[in-house]
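*Asks:* Okay, sequence plus prediction incoming.
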Amino acid sequence: MTLHKKNHITRTLLAVSMLAMSGGALAAQVPPGTQLAEKQELVRNNGSEPASLDPHKVESDVEFNIISDLFEGLVNVSPAGAIQPRLAERWENKDNLLWTFHLRPGLTWSDSTAITAQDIVWSWQRLVSPATASPYASYPGNMHIANAREIALGQKGPETLGVKALNDTTLQVTLTQPNAAFLAMLAHPSLVPIDKVLVERYADKWTRPEHIVTSGPYKLSQWVVNERLVAERNAKYWDNAHTVINKVTYLPISSEAADVNRYKAGEIDIVYTVPINQFAQLQKTMGDQLDVSPQLATYYYEFNTTRPPFNDARVRRALNMALDKDIIAGKVLGQGQRPAWLIGQPDIGGVTLHNPDYASWPREKRIAEAKKTAGAGGV
């Protein structure tokens, strides 16, 4: 298990970009005196062709990287883990069960039509509806939004979801139990509002450049399949004053080697990722152009825990003890990953999780204890 690191090469002379290297767009706070490039345009590799730009139909970073630049949700999570107001300017709650969000006044889509609380209600109902078949249909249920689980299972109708518009700018969400991570979970791109009128009018074609309207800092201006997507600055975005980059081009380059070569040739400004076998050399030759940024992700192996021997927690614990995570993270992957002893991150959202005691033991002691533990489990 390792904490994942996202590795990019970035052309530092581009000046300040409002694009987070590993995700969606954020308002850029340009330090006073910063010299910006005359041409504020960005070309980045996005790894492959997106399957869709419908937030309810996708599940990978390839799509969410773009969706997060085109659309915005109620809140965002800063790189430091703080909750930032976005479409919602403020909120309050009662007993951590009844949440009320107040949208910013005057919010509009990129075509100048109003974004309302009703748009959010409809979008979330569509997300959980079995008719949508969203990969994230279970997500609102994981957030403990009332009736979300039952709706996703087809036991209740989408209209029973625990979310309602009190008026055009006020949204109320009902939870079945307190959820400390609720606000952070709201930042997921599957929860951004989309325009009901467009979806009902154009069906699966609503995301085409000639139809789509967006709520974020960019609007889609071109989509040439397997060649490029182009997003241009959305002048109707509520925080447009803090947008710096005027145009972003996303390329679907699947080859890591080709990705790096095109960067070296000056054809792109940000690579999607770096080949493992080139990482050490690029560290030496690229200097601060090589950016290694942590991601909130943990890679792990899954086992069938209903069948022997992994149906015994002692066997699973022994395997966790004995696995040489330092070698996997430092040598096999070798791109800044860290050994992970917990499924969650050690420090996030003001909560500190503690590794098991055996995480700090010498490897020999861990192996010896793992043998005892596995033996007790019948292995």
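*Replies:* Arrived safely, thanks for sending.

*Asks:* Domain-wise, how is this protein divided?
*Replies:* Structural domains annotated on the chain: 1-71+197-291, 75-193, 300-376, as defined by automatic domain parsing.

*Asks:* mind putting these in JSON lines, mean pLDDT and mean neighbour count included?
*Replies:* Glycine gets a C-beta too; all of them are placed from N, C-alpha and C. Listed next are the domains of the chain as JSON lines, based on pLDDT from 0 to 100; neighbours: other C-beta atoms under 10 Å:
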{"stretch": "domain 1-71+197-291", "mean pLDDT": "86", "mean neighbour count": "17"}
{"stretch": "domain 75-193", "mean pLDDT": "97", "mean neighbour count": "18"}
{"stretch": "domain 300-376", "mean pLDDT": "89", "mean neighbour count": "14"}
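
*Asks:* which ones are touching the closest residue in space to residue 165 that isn't next to it in sequence?
*Replies:* Closest residue to residue 165 apart from its sequence neighbours, by C-beta to C-beta, 6 or more residues apart in numbering: residue 117 at 3.7 Å. By C-beta atoms under 8 Å, 6 or more residues apart in numbering, the residues touching residue 117 are 101, 103, 165-171.

*Asks:* mind checking the longest strand of this structure?
*Replies:* Identified as the longest strand of the chain according to DSSP state E is strand 290-299.

*Asks:* Distance from it to the middle of the chain?
*Replies:* 12 Å (C-alpha atoms, centre = their mean, to the nearest Å).

*Asks:* and that strand, what does it pack onto?
*Replies:* Helices and strands touching strand 290-299, by 3 or more C-beta pairs under 8 Å, 6 or more residues apart in numbering; DSSP states H and E, are strand 2-9.

*Asks:* First residue to last residue on stretch 354-365, what's the distance there?
*Replies:* With C-alpha to C-alpha, to the nearest Å as the measure, stretch 354-365 spans 20 Å from end to end.

*Asks:* and the longest strand of the chain, which strands flank it?
*Replies:* strand 2-9 (antiparallel) (DSSP bridges).

*Asks:* following the partner strand, which helix or strand comes up?
*Replies:* strand 41-45 (DSSP states H and E).

*Asks:* Not counting its own residues, what contacts that next one?
*Replies:* Here strand 41-45 has contacts from 14, 17, 19, 245-253, 259, 262, 267-272, using C-beta under 8 Å, 6+ apart.

*Asks:* just curious, which of the contacts of residue 117 is nearest to residue 40?
*Replies:* residue 103 (29.0 Å; C-beta to C-beta).

*Asks:* how much space is there between the closest one and residue 87?
*Replies:* 6 Å (C-beta to C-beta, to the nearest Å).

*Asks:* who touches both of these two?
*Replies:* residue 115.

*Asks:* Can you list the residue ranges for strands in the stretch 51-200 of the chain?
*Replies:* 75-77, 83-85, 88-94, 98-103, 163-167, 170-174 (DSSP state E, counting those that start in this stretch).

*Asks:* Ok, which of these comes nearest residue 33?
*Replies:* That would be strand 83-85 among those, by C-beta to C-beta, at 24.9 Å.

*Asks:* That closest one pairs with which strands?
*Replies:* strand 75-77 (antiparallel).

*Asks:* Make TSV out of the strands of the stretch 51-200 of the chain and add distance to residue 291.
*Replies:* Shown next, in TSV, are the strands of the stretch 51-200 of the chain (distance: least, C-beta to C-beta, whole Å):
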stretch	distance to residue 291
strand 75-77	19
strand 83-85	22
strand 88-94	31
strand 98-103	34
strand 163-167	38
strand 170-174	36
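
*Asks:* Give the closest residue to residue 230 in space, chain neighbours not counted.
*Replies:* Per C-beta to C-beta, 6+ apart, closest to residue 230 is residue 222, 3.9 Å.

*Asks:* Many thanks, I have nothing further to ask.
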